[in-house]
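Engineer: predicted model and sequence follow; I will ask about them next.
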Amino acid sequence: MQKAKLLLLEDDLNLSETIAEYLEDEGFEVEQTFTSDEALEKVYEHNYDLLLLDVMVPGIDGFTLLKKLRQKSDAPAIFITSLDSVENLEKGYESGCDDYIRKPFALKELKLRIETLLKRSFDTKEEKIPIDEKSYFDIKSNQLFVNETPVNLNQKEIKLLKLFLKHPNEQISHEKIYETLWEYDETPSDMALRTYIKNLRKYLGKEKIESIKRYGYKFNK
């Protein structure tokens, strides 16, 4: 099972460890960073489902960082900060964040905000996204279910399915798929992509994933 992958930028080591341990216990994968340069590098190298960013960190501040990150990632972002003025709140949203939580905060509140944003990224208020009468995708567990039985998909197949579910009935280019599935140090493979498509079709039906000649694919919902 592939867990939702979160990037955490927090330069307070104790707080970073506390947040990471709690969220990992709750079923998330958390990658910790401690400077804005490190966070910037990680986002350009890897794909994340959500970003958790402190503002006052070594290097450029979190507001400026998120503006840069938005050139690469559209993952939901939450600022976690002790800055509490309306001006800073406004700066946070102007820089591209989706939520803003002030320190100190309850860890459970952070978890609830994360879960809410992950649902919103799929344009739903539910944890289970129906695909057809016999299958659905569980956002929290990152798992496809068919006839209430979990389906064993590899990480790239899960990423591909999530991309389709976020963009139903839209034509998605090969380039967008390559960017989503493969990390910066990996070489995209058209043959591998066709294998992933074939495997998803095996569970969801061929008509669900339409090939767009010389362009990409469309997920019919």
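Structural biologist: Alright, I've got the coordinates.
Engineer: secondary structure class for Q71?
Structural biologist: Following DSSP: H, G, I helix; E, B strand; the rest coil, Q71 is assigned to coil.
Engineer: in this protein, which helix or strand is least confident?
Structural biologist: Between all helices and strands in the chain, the lowest mean by mean pLDDT, DSSP states H and E belongs to helix 86-94, at a mean of 86.
Engineer: now that helix, how far from the centre of its chain.
Structural biologist: Counting by Cα atoms, centre = their mean, to the nearest Å, helix 86-94 is centred 23 Å from the centre of its parent chain.
Engineer: parallel or antiparallel, which strands does the helix or strand following that helix pair with?
Structural biologist: Downstream of helix 86-94, the first helix or strand assigned by DSSP states H and E is strand 99-102. Strand 99-102 has the following sheet partners, assigned by DSSP bridges: strand 77-81 (parallel).
Engineer: spit out the contact partners of the residue nearest the centre of the chain.
Structural biologist: The centre of the chain sits closest to D49, judged by Cα atoms, centre = their mean, with a distance of 1.3 Å. When contacts are counted by Cβ atoms under 8 Å, 6 or more residues apart in numbering, D49 is found next to 4-6, 75-76, 118, 121. The C-beta positions use only the backbone N, C-alpha and C, and glycine is treated the same way.
Engineer: just these: which has the poorest pLDDT?
Structural biologist: Scanning the contacts of D49 for pLDDT, the low point is S121. It has 85.
Engineer: does that one touch A77 like I think?
Structural biologist: No: counting by Cβ atoms under 8 Å, S121 stays clear of A77, with 11.0 Å between them.
Engineer: quick one, domains of this structure?
Structural biologist: Following automatic domain parsing, the chain resolves into domains at 5-121, 128-219.
Engineer: most tightly surrounded among those domains?
Structural biologist: Stretch with highest mean neighbour count among the domains of the chain: domain 5-121 (a mean of 17; mean count of other Cβ atoms under 10 Å).
Engineer: do me a favour and get the end-to-end distance for that domain?
Structural biologist: Domain 5-121 stretches 14 Å from its first residue to its last (Cα to Cα, to the nearest Å).
Engineer: just stretch 185-196 next, same as before
Structural biologist: End-to-end span of stretch 185-196 (Cα to Cα): 20 Å.
Engineer: secondary structure element for the nearest residue to V30 once chain neighbours are set aside, which one?
Structural biologist: Spatial nearest neighbour of V30, excluding adjacent residues (Cβ to Cβ, 6 or more residues apart in numbering): A20 at 4.4 Å. Assigned by DSSP H and E, A20 belongs to helix 13-25.
Engineer: which outside residues touch that helix?
Structural biologist: Contacting residues not belonging to helix 13-25 are listed as 6, 8, 10, 30, 32, 34, 52, 80, 107, 110-111, 114 [Cβ under 8 Å, 6+ apart].
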